[in-house]
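# Structural data only, the sequence is not supplied:
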């Protein structure tokens, strides 16, 4: 791969990022507002009113939305790569915002799910408590992965900031 391939790769990456944004925005709505599409959720929420589903949606959606906003920031980085302007302050800013959004989404996930569990108020049902245990592990894992990836993006943004500074300094000699 050479630098001439970057614009083509950036265009493909932008398409994937747009797909990711669309999924992150629609998945919580489908999960709660159209829960009949998923048998597992449909059984649990069969007797819920529209208001109950809306509240569950609003409790669940913020981490998804913050991650979607982060991907929207990543689109800025893709544009700079497509323009072959990687060593720019705009690229650094886009990556920093993306990493920060991933960290924020990872930190929002546990309180979001806790709020949902408090609202649902799991009774002594075996299926409900088993569902809760499985999701606690998934939440911890998802939050941990989100934090690690967000921190890695922030480290990469810091390296890119330094590389940009050095590129600007070298350009001043010519």
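On my side now, so go ahead. In this text the structure is predicted, and so the values were computed from the model without any measurement.
# For the chain, name the helix or strand with the lowest mean pLDDT.
Scoring the helices and strands of the chain by mean pLDDT, DSSP states H and E places helix 39-44 at the bottom, with a mean of 58.
# next helix or strand past that helix?
Beyond helix 39-44 on the C-terminal side, the first helix or strand identified by DSSP states H and E is helix 50-82.
# tell me what that next one is packed against?
With contacts taken as 3 or more CB pairs under 8 Å, 6 or more residues apart in numbering; DSSP states H and E, helix 50-82 sits against helix 6-33, helix 89-120. C-betas here are computed from N, CA, C, even on glycine.
# In three-state terms, label residue 87 for me.
Put simply, residue 87 is coil when judged by DSSP: H, G, I helix; E, B strand; the rest coil.
# Settle this for me: it is touching residue 167, isn't it.
Yes - judged on CB atoms under 8 Å, residue 87 makes contact with residue 167 at a distance of 4.3 Å.
# Which of those two has more residues huddled nearby?
Legend: neighbour count by other CB atoms under 10 Å for residue 87 and residue 167, higher for residue 87 (17 against 13).
# for the chain, which spans come out with low pLDDT?
Flagging of the chain using pLDDT under 70 yields the residue ranges 1-3, 33-46, 122-135.
# Just give me the residue closest to the centre of it.
Residue closest to the mean C-alpha point of the chain, counted by CA atoms, centre = their mean, is residue 67 at 2.6 Å.
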